[in-house]
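Novice: Return atomic coordinates for the entry below.
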Amino acid sequence: MGGQTRYPSRLDAAIIRGLIRPLPVSLPEQITGPLRDVSHVKVWVLLEFLTCNGPVWVEVEATAVAWNARFVRVETVLPGGDAVTATVFASACRRYDLEEERAKRRAVMDANRQGIRRP
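Specialist: All right, here's what the predicted structure looks like:
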């Protein structure tokens, strides 16, 4: 006849949490050591997510909340709305420069305007 439909299992919810909303890989505190809490700084960070197809690297806008010479703890909000915290190598972060980002967006918008041909 099929599966039990009257009492659905919790397996579906676990699959959704694990596959659709993966968490970034974070370095353990035994490796990083103590991190110094600092004023929040906007950064671009390269995070690793484990999926069923293997690891995926995604660069997202985040806030650096603590660091030392080699490691940075970042906080970000994923597209699904989940707020996550991860500790990564300092080389995975680059400071978010607002003026540089605006210049890039202006260049893209100008290039798009040049491509529009009107009769």
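Novice: Now do the SS call for Pro34.
Specialist: Under DSSP: H, G, I helix; E, B strand; the rest coil, Pro34 falls in the coil class.
Novice: hang on, it packs against Ala69?
Specialist: No. Taking contacts as CB atoms under 8 Å, Pro34 lies outside contact range of Ala69: 11.4 Å. For every residue, glycine as well, the C-beta is placed using N, CA and C.
Novice: Where does pLDDT dip in the protein?
Specialist: Applying pLDDT under 70 to the chain flags the ranges 1-21, 115-119.
Novice: Strands of that one, residue ranges please.
Specialist: In the chain, the strands defined using DSSP state E lie at 36-51, 54-67, 71-77, 83-89, 93-95.
Novice: out of these, deepest packed?
Specialist: strand 71-77 (a mean of 20; mean count of other CB atoms under 10 Å).
Novice: How far away from the center of its chain is that one?
Specialist: Between the centre of strand 71-77 and the centre of its chain there are 9 Å (CA atoms, centre = their mean, to the nearest Å).
Novice: Can you name every helix or strand that it contacts?
Specialist: With contacts taken as 3 or more CB pairs under 8 Å, 6 or more residues apart in numbering; DSSP states H and E, strand 71-77 sits against strand 36-51, strand 54-67, strand 83-89.
Novice: Could you dump those strands into JSON lines and include distance to Pro24?
Specialist: Compiled in JSON lines, those are given as follows (distance: least, CB to CB, whole Å):
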{"stretch": "strand 36-51", "distance to Pro24": "4"}
{"stretch": "strand 54-67", "distance to Pro24": "8"}
{"stretch": "strand 83-89", "distance to Pro24": "4"}
